[in-house]
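Peer 1: next input, structure requested:
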Amino acid sequence: QVRLVESGGGLVQAGDSLRLTCVATGRTISVNAMGWFRQAPGKERVFVAGISWNGRTTTHADSVKGRFTISRDNAKNTLSLQMNSLTPEDAAVYYCAARLQNIIVTEADEYDYWGQGTQVTVSS
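Peer 2: Now for the predicted structure:
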């Protein structure tokens, strides 16, 4: 079993930056591709960014491309999301996810492990 714990969320103003972190514990050797998703109130959980096991391949949703950057440090079992130029449209609960296969996918159902989420609020 793998446990994921996110941190770094908070209340910021439009244009500010935040860095989210996700720490994996447990049977982390089984974790391959990882990703970040977000869910705004009343909306579906959507893909934000994904990264392969070795970090060489990343994918970002069009809505965050150029502003957000996903990265990982396998030595520390840590996944990060650097978020710059935040807008009110970025406000949501952000979730860290991991899957057993080393293919980045955008469907939430394809991920095997999930964190509890961290709230990001952006004021205009």
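Peer 1: so residue 50 versus residue 74, what's the distance?
Peer 2: Going from residue 50 to residue 74 by C-beta to C-beta, to the nearest Å gives 15 Å. For every residue, glycine as well, the C-beta is placed using N, CA and C.
Peer 1: looking at these two, which is more packed in?
Peer 2: residue 50 (23 against 13; other C-beta atoms under 10 Å).
Peer 1: just give me the longest strand of this protein.
Peer 2: strand 18-26 (DSSP state E).
Peer 1: show me what counts as buried in the helix or strand just after that strand.
Peer 2: Using DSSP states H and E, the next helix or strand after strand 18-26 towards the C-terminus is strand 34-39. For strand 34-39, the neighbour count (16 or more other C-beta atoms under 10 Å) marks 34-38 as buried.
Peer 1: residue 106: which of those is nearest?
Peer 2: residue 35 (8.0 Å; C-beta to C-beta).
Peer 1: wait, doesn't that closest one sit right on residue 113?
Peer 2: No: the pair residue 35 / residue 113 is not scored as a contact, 10.8 Å apart, by C-beta atoms under 8 Å.
Peer 1: identify the contacts common to the two.
Peer 2: Residues touching both residue 35 and residue 113 (C-beta atoms under 8 Å, 6 or more residues apart in numbering) are 97-99.
Peer 1: so among these, which ones count as buried?
Peer 2: 97-99.
Peer 1: please flag which of the residues you listed sit within helices.
Peer 2: Per DSSP state H, helices hold no members of these.
Peer 1: nearest to residue 3, of these?
Peer 2: Distances from residue 3 to those, taken by C-beta to C-beta, are shortest for residue 98, at 10.0 Å.
Peer 1: so what's the closest one up against?
Peer 2: 2, 4, 24, 31-35, 79, 111-113 are the contacts of residue 98 under C-beta under 8 Å, 6+ apart.
Peer 1: need the buried residues of strand 34-39 in a markdown table with distance to residue 57, can you?
Peer 2: Formatted as a markdown table, the buried residues of strand 34-39 follow (distance: C-beta to C-beta, whole Å):
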| residue | distance to residue 57 |
| --- | --- |
| 34 | 11 |
| 35 | 12 |
| 36 | 15 |
| 37 | 18 |
| 38 | 21 |
